[in-house]
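[1] Build me a model:
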Amino acid sequence: MRNNNAQVYRNNTANIEAIGAGEIDYAIVNNYYLGRFLATDPDFPAAQTTFESGDIGNLVNVASIGLLETSQNTEAALTFVRFLLDRTAQEYFTNEVNEYPVREDVEPNPTLARFEELVEKSPQVDLDQLEDLEGTLQLLQETDLL
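    Below you'll find the predicted structure:
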């Protein structure tokens, strides 16, 4: 990245805006951001792609929710979980937020790549190996990227 004079932007949205403005040729962002731009401008000048099969850049992040056994508000928490898993909420997440639904009876937003394709291309990695924040910061400092 340093050798290619990579530009730094404040967030995913700013990266997508920079592509649209012709400031940069590509950016590494979460997949759903481009879909938001395409929803308001189908001719937005960007396309989504993936890395070679198995590349860490194809890592699929999964959002989840949990309930602590020690919760003082178990019923309210379960109501919230049911709400998030409800068909209407899942349709909102995919159609408005461009996320993948977790329900099989909800069709993913057509702007999203087939989820099976992403899984096929995703790397086989132990996620526990990615939690070394101190090591990551040290590496970034040693390579003058931070």
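[2] host element of the spatially most central residue of the chain?
    Centroid-nearest residue in the chain, with C-alpha atoms, centre = their mean: residue 30, separated by 3.3 Å. Using DSSP states H and E, residue 30 falls within no helix or strand.
[3] my read: it touches residue 12, true?
    Yes - taking contacts as C-beta atoms under 8 Å, residue 30 lies within contact range of residue 12: 5.6 Å. Any C-beta I mention is one placed from the backbone N, CA and C, and that applies to glycine too.
[4] picking that back up, give me the distance between the residue nearest to the centre of the chain and residue 134.
    Distance from residue 30 to residue 134, counting by C-beta to C-beta, to the nearest Å: 24 Å.
[5] so how far is stretch 16-25 off the chain centroid?
    What separates the centre of stretch 16-25 from the centre of its chain is 19 Å, taken as C-alpha atoms, centre = their mean, to the nearest Å.
[6] Pull the residues that contact that stretch.
    When contacts are defined by C-beta atoms under 8 Å, 6 or more residues apart in numbering, stretch 16-25 is touched by residues 7, 9, 15, 26-27, 29, 33-34, 37, 44-46.
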